[in-house]
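K.L.:
This is the structure alone, sequence omitted:
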């Protein structure tokens with residue numbers, strides 16, 4: 001009898017431990033509803049923006065700014081995915097790639113970093129280790145080499161269009177801004193524009209980190225974006241909340257106040 005009770009207690013203990021593990025493990029399901037967020041890891045979330053587009057948000061301690069969240073995109077269709085910007089670190093990127101494969105049931109077949117900073121391509125080595133092709137503006141590749149970073153593999157001079165099962169994705173360089181090499185990612189079928197750190201969110205009161213910026217060119221670059229992507233309905237900045245084309249105008253105005261010119 002005592003032996004049976006011991007076996008029962010061991011079994012129940014195992015069940016409790018399993019339940020605790022389930023409660024505290026990273027998200028095993030995708031965000032189902034538009035706007036819903038899924039916790040992938042302690043420093044990584046994914047937010048569903050549309051039926052095919054997710055925004056990944058990774059957090060990193062960056063003095064003197066503190067814990068800084070950064071946005072990137074995942075475009076998914078028919079078992080394949082494109083990744084735009086990696087999380088800050090290789091380990092975060094490994095976790096995100098696993099999540100895309102195991103939860104979204106998609107294989108990443110291309111990665112495009114917006115510019116050379118850590119919040120856009122810090123996880124690129126993890127992407128390369130998996131044999132995923134990487135694409136970037138020629139200027140990004142050149143700067144990465146100058147900085148001793150492993151560069152993206154395939155470059156383009158001003159624009160490159162990638163296709164995911166017929167979904168066109170335009171990757172366009174329009175000029176300097178937050179950095180001299182930042183691009184705009186335009187997904188026409190989703191009316192979605194990802195300027196990354198080239199655009200500030202609605203709460204921004206200044207341009208933030210301008211150490212590598214071309215402030216003078218920044219307003220003109222925003223004007224070009226407004227003209228090039230008139231159908232944009234969703235604009236995803238590199239940091240903060242998505243909005244609409246007003247984010248491009250807001251960024252232009254901030255840059256003008258900071259000394260930029262049209």
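P.N.:
Now that the structure is in, tell me what you want to look at. Given the structure is predicted, the values throughout are model-derived calculations rather than measurements.

K.L.:
what's the nearest residue to residue 60 once chain neighbours are set aside in contact with, if anything?
P.N.:
Excluding its sequence neighbours, the residue lying closest to residue 60 (CB to CB, 6 or more residues apart in numbering) is residue 88, at 3.8 Å. For the C-beta atoms, the positions are set from N, CA and C on the backbone; glycine is no exception. For residue 88, the contacting residues are 58-60, 70, 118-119, 122-123, by CB atoms under 8 Å, 6 or more residues apart in numbering.

K.L.:
what's around residue 216, how many residues?
P.N.:
Neighbourhood size, residue 216 [other CB atoms under 10 Å]: 13.

K.L.:
Quick check, pLDDT for it.
P.N.:
On the pLDDT scale, residue 216 is placed at 98.

K.L.:
what comes up buried for the longest strand along the chain?
P.N.:
Longest strand in the chain by number of residues, with DSSP state E as the criterion: strand 66-77. Of all the residues in strand 66-77, those buried under the rule 16 or more other CB atoms under 10 Å are 68-77.

K.L.:
Now flag whichever of the residues you listed is closest to residue 219.
P.N.:
Of all the buried residues of strand 66-77, residue 71 has the smallest distance to residue 219: 22.3 Å, by CB to CB.

K.L.:
can you put the contacts of residue 88 in TSV and add pLDDT?
P.N.:
Formatted as TSV, those follow (pLDDT from 0 to 100):
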residue	pLDDT
58	99
59	98
60	98
70	99
118	98
119	98
122	98
123	99
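
K.L.:
Buried ones among these?
P.N.:
In those, burial by neighbour count holds for 58-60, 70, 118-119, 122-123, counting by 16+ other CB under 10 Å.

K.L.:
Could you pull out the strands in the stretch 101-250 of the chain for me?
P.N.:
Taking DSSP state E, counting those that start in this stretch as the criterion, the stretch 101-250 of the chain carries its strands at 107-112, 135-137, 154-156, 159-164, 167-173, 183-187, 192-196, 234-237.

K.L.:
Packing partners of the fourth one?
P.N.:
Under the contact criterion of 3 or more CB pairs under 8 Å, 6 or more residues apart in numbering; DSSP states H and E, the helices and strands touching strand 159-164 comprise strand 80-84, strand 107-112, strand 167-173.

K.L.:
between those, which gets nearest to residue 150?
P.N.:
Across those, closest to residue 150 is strand 107-112 (CB to CB), at 12.6 Å.

K.L.:
returning to what we had before: could you list the residues in contact with the longest strand of the chain?
P.N.:
Residues contacting strand 66-77 (CB under 8 Å, 6+ apart): 46, 49, 52-62, 81-88, 100, 104, 106, 119-120, 164-165, 167, 169, 185, 187, 194, 196, 236-240, 242.

K.L.:
Which of the contacts of residue 88 fall in helices?
P.N.:
118-119 (DSSP state H).
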